[in-house]
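# Following is a predicted model, sequence given first.
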Amino acid sequence: MDGPAFTPTSWCCNPCVVIGVSLCLVSYEIGLLMLQNSSKRLYCLIEKKCVPCNLKELQPMSADAAHTLMPQVAEWKLVNEDGIMKLRRSWTVKTFTKGLEFFKIVAFLVENEGHHPDLHLVGWNNVTIEIWTHAVGGLTENDFILAAKIDKLDLLDLLRRKPSDSH
Ligand SMILES: C[C@H](O)[C@H](O)[C@H]1CNC2=NC(N)=NC(=O)C2=N1
């Protein structure tokens, strides 16, 4: 009776198999590296510090550059107001005073970063933050760093969570 068509030695010595397996391993490694790289980029905004806005080389970023960073600040909207690109996010707070507490918590962060947002508290409980770099009349990485760090603040206790909170 003939032996099995493929013996382990013939199978793993087959050049097509060897090339196929090595290609799979290489693409797996490349995928891992890309994943690590994107996750590093994902967290790099949080780990960065805002730079002084009076740096000569500071320029407003393009709309494309802004769009590539938006996934890292997914809660924010990219808006264009009178030709100036800005980041905008809104929250509903429980009370007017909690809105002011919200601003105080944000103020501590932004003072530490040396980069400042526009703060709006409208209709007693609607908070909106707009971030842009005034010195260049547009968006810089500073604005995205600030937005990412604002997203990390523990503000939950100040926010209205369900419609029954509204009265
Ligand atoms: C030197 C220092 O970076 C500047 O005065 C900062 C202060 N905070 C700022 N915040 C914002 N959003 N834009 C600016 O241009 C700016 N300039």
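Now that the structure is in, tell me what you want to look at.
# and the gap between I145 and C12?
51 Å (C-beta to C-beta, to the nearest Å). All C-beta spots, glycine's among them, are computed from the backbone N, C-alpha and C.
# The two - which one has more neighbours?
Set I145 next to C12 and count neighbours by other C-beta atoms under 10 Å: I145 wins out with 24 against 11.
# and the protein, which residues reach the ligand?
P52, C53, N54, G114, H115, H116, T133, H134, A135 (C-beta under 6 Å from any ligand atom).
# change it to 5 Å
Contacts of the chain with the ligand, taken as C-beta under 5 Å from any ligand atom, map to P52, C53, N54, H115, H116, T133, H134, A135.
# And those, which two are furthest apart?
Using C-beta to C-beta, those span at most 13.7 Å, a distance reached by N54 and H116.
# circling back: just the ones of the residues of the chain next to the ligand in helices?
Judged by DSSP state H, the residues of the chain next to the ligand include no members of helices.
# Kindly give a single ChimeraX line that selects the buried subset of those.
In ChimeraX syntax, the buried subset of the residues of the chain next to the ligand is picked out as below (16 or more other C-beta atoms under 10 Å):
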select :115,116,133
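# shaky segments in this protein?
Low-confidence segments of the chain (pLDDT under 70): 1-9, 34-43, 162-167.
# Show me where it has its strands.
Assigned by DSSP state E, the strands in the chain fall at 77-81, 84-92, 118-122, 126-131.
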